[in-house]
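Colleague: With the sequence up front, the predicted model follows.
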Amino acid sequence: MYYLLILAVGLERLVELVVSKRNAEWSLARGAREFGRPHYVVMVVIHAALLVGCVVEPWALHRPFIAWLGWPMLAVVALGQGLRWWCIATLGHRWNTRVIVLPDAPLVREGPYRWLHHPNYVAVVAEGIALPLVHTAWVTAALFTVANAALLRVRVRVENSALGYT
């Protein structure tokens, strides 16, 4: 069942990429500008590596499913997905996986953006820890967390600058 979960998350990520591409085209057609393009490839590699690690580590190292850990982590994954899609729905056409900003568009202050500048990254951090831990892939969780923290230092700085938060 765990591998079906990883497959479902992988398919969900592909749906996100389709939505992102459509939204990026919409924004760019309206004069939007992209920022921080060089880190995007790193982000894609790190997120793909998370899914690969979630499959390989439990299989190769014979990680067991531990109910007291796995079930709560599955709940965190579900909550993270809910938060991610709340962010996507709130931003509408302005959401994408790249940093593309419409000139002179007001900042979104609705939905989860009422409380946080970057709520989607809360979902990413939570899922990056929880998804591997559903099946005790703690090495994958640790490696993703460290790599993602380094990436988010760059990504948040780029977004804050592009959105005028700095």
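Modeller: Arrived safely, thanks for sending.
Colleague: CA atoms for contacts and neighbours, from now on please.
Modeller: Will do.
Colleague: residue contacts, the most centrally placed residue in the chain?
Modeller: Closest to where the C-alpha atoms of the chain average out (CA atoms, centre = their mean) is V124, at 3.9 Å. Contacts of V124 were listed using CA atoms under 8 Å, 6 or more residues apart in numbering, and they are 80, 84.
Colleague: From W85, how far off is it?
Modeller: Between V124 and W85 the distance is 12 Å, computed by CA to CA, to the nearest Å.
Colleague: next one: R157
Modeller: Counting by CA to CA, the gap from R157 to W85 is 23 Å.
Colleague: before we move on, back to that, mind checking what secondary structure the residue nearest to the centre of the chain has?
Modeller: Under DSSP: H, G, I helix; E, B strand; the rest coil, V124 falls in the helix class.
Colleague: For it, give its distance to L61.
Modeller: 25 Å.
Colleague: Can you classify the residue of the chain most remote from its centre as helix, strand or coil?
Modeller: Counting by CA atoms, centre = their mean, the extreme residue of the chain relative to its mean C-alpha position is H62, 27.0 Å from that point. When the structure is split into helix, strand and coil by three-state DSSP, H62 lands in coil.
Colleague: how many other residues sit next to R153?
Modeller: The local packing count at R153 equals 10, with neighbours defined by other CA atoms under 10 Å.
Colleague: and the one helix or strand it maps to, how far out from the chain's middle?
Modeller: Secondary structure assignment for R153, by DSSP states H and E: helix 138-163. The offset between the C-alpha centroid of helix 138-163 and the centroid of the whole chain comes to 10 Å, using CA atoms, centre = their mean, to the nearest Å.
Colleague: Tell me the pLDDT of the residue farthest from the centre of the chain.
Modeller: Reported pLDDT at H62 in the predicted model: 96.
Colleague: For P103, which three-state class applies?
Modeller: When classified by three-state DSSP, P103 comes out as coil.
Colleague: nearest spatial neighbour of it, skipping sequence neighbours?
Modeller: Spatially, and ignoring its direct neighbours in sequence, P103 is nearest to A32 (6.0 Å; CA to CA, 6 or more residues apart in numbering).
Colleague: my guess is that neighbour meets V101, correct?
Modeller: Yes. In this structure, A32 sits in contact with V101. The criterion is CA atoms under 8 Å, and the distance is 5.2 Å.
Colleague: These two: which has the busier surroundings?
Modeller: With other CA under 10 Å as the criterion, A32 and V101 differ in neighbour count, and V101 comes out ahead with 22 against 19.
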